[in-house]
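Peer 1: here's a sequence, model it:
(2 chains)
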Number of protein chains: 2
Amino acid sequence: MDISGYFVHHVYFWLNDPDSKKDLAALVAGLKKLAPLHLIKEYHIGLPAATDRGVIDRSYAVSWLLIFATAEDQERYQTAPEHLDFVKECSSLWSKVVVYDSVGA
Amino acid sequence: MDISGYFVHHVYFWLNDPDSKKDLAALVAGLKKLAPLHLIKEYHIGLPAATDRGVIDRSYAVSWLLIFATAEDQERYQTAPEHLDFVKECSSLWSKVVVYDSVGA
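Peer 2: Here you go, the predicted structure:
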C-alpha cells in the first residue's frame, strides 16, 4: 500500500510511572482496543527499539502511529466516542504526550 | 496492509534555514530519491499538518517515516549506499534530527 499521500498522526507517550509494567500493559491494552476503529487506515503500537544512537529518542514509553486517508478523518477521530473513552480510561497513566501530524509533501 | 508487527523508523528534520523554500525542496527531493530503496516497505515524506494543539510539535520542517519488515532491514538501510549518498548530499541542509525507532508492542 502506498501511504505517501496520507495523513500521519504519530503520538508518543511518557508514563507517570516509567517503571510500572502494569501501567505500560494497561496503555498498550487501551490502544489495542482503540485500533480497530474504522477511521484508522493503518496503525502501529510501538515500544522503543534496541537501536541507540545520539539522535534517537528512546525516552518515551509507547508510540502510537496512525495513518488516516484524510486530514478530515483525523479530525473525526479526535472526537470519536471510542477515542474519548480511551482518553478517559487511560489518561491517568501518562505524564506527557507529544504529537507530530504530517501531510504528504 | 497490517504494519502492526513492523519496525517503525520516524525521523524529524529541522532546517538550518527554516525560511528557505529552496532548502526545504532540496531535502524533500533527496528523500524522494531515496524512497524507492528496496529495503523500505512503506514510506511517508511529510510536512507539518494544519492541526495545532498544545501537544502538537509543529516546529520541524520535514517528517520521514519508514516502515521496515524487520529491525535487521533498518540496520541494512543505515549503511546502504543510497542512504549514505543522501546524508552526504543533504546533511548540510539540516540543523537537527530527532529519530524515534519502535517495534511492535
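Peer 1: need the strands for chain A, in chain order.
Peer 2: Counting by DSSP state E, chain A has strands at residues A:7-15, A:42-48, A:62-68, A:94-104.
Peer 1: point out the most buried one among the ones you listed.
Peer 2: strand A:62-68 (a mean of 24; mean count of other CB atoms under 10 Å in any protein chain shown). Where C-beta positions appear, they are placed from N, C-alpha and C, glycine not excepted.
Peer 1: and stretch A:16-30, how far out from the chain's middle?
Peer 2: 14 Å (CA atoms, centre = their mean, to the nearest Å).
Peer 1: just the mean pLDDT for it, thanks.
Peer 2: Stretch A:16-30 carries an average pLDDT of 98.
Peer 1: could you check the angle the longest helix seen in chain A makes with strand A:62-68?
Peer 2: In chain A, taking DSSP state H as the definition, the longest helix is helix A:21-34. Angle of helix A:21-34 versus strand A:62-68, following axes from the mean of the first three to the mean of the last three CA atoms, to 10 degrees, is 10 degrees.
Peer 1: who are the packing partners of helix A:21-34?
Peer 2: In terms of contacts (3 or more CB pairs under 8 Å, 6 or more residues apart in numbering or on different chains; DSSP states H and E), helix A:21-34 is packed against strand A:7-15, strand A:42-48, strand A:62-68, helix A:81-90.
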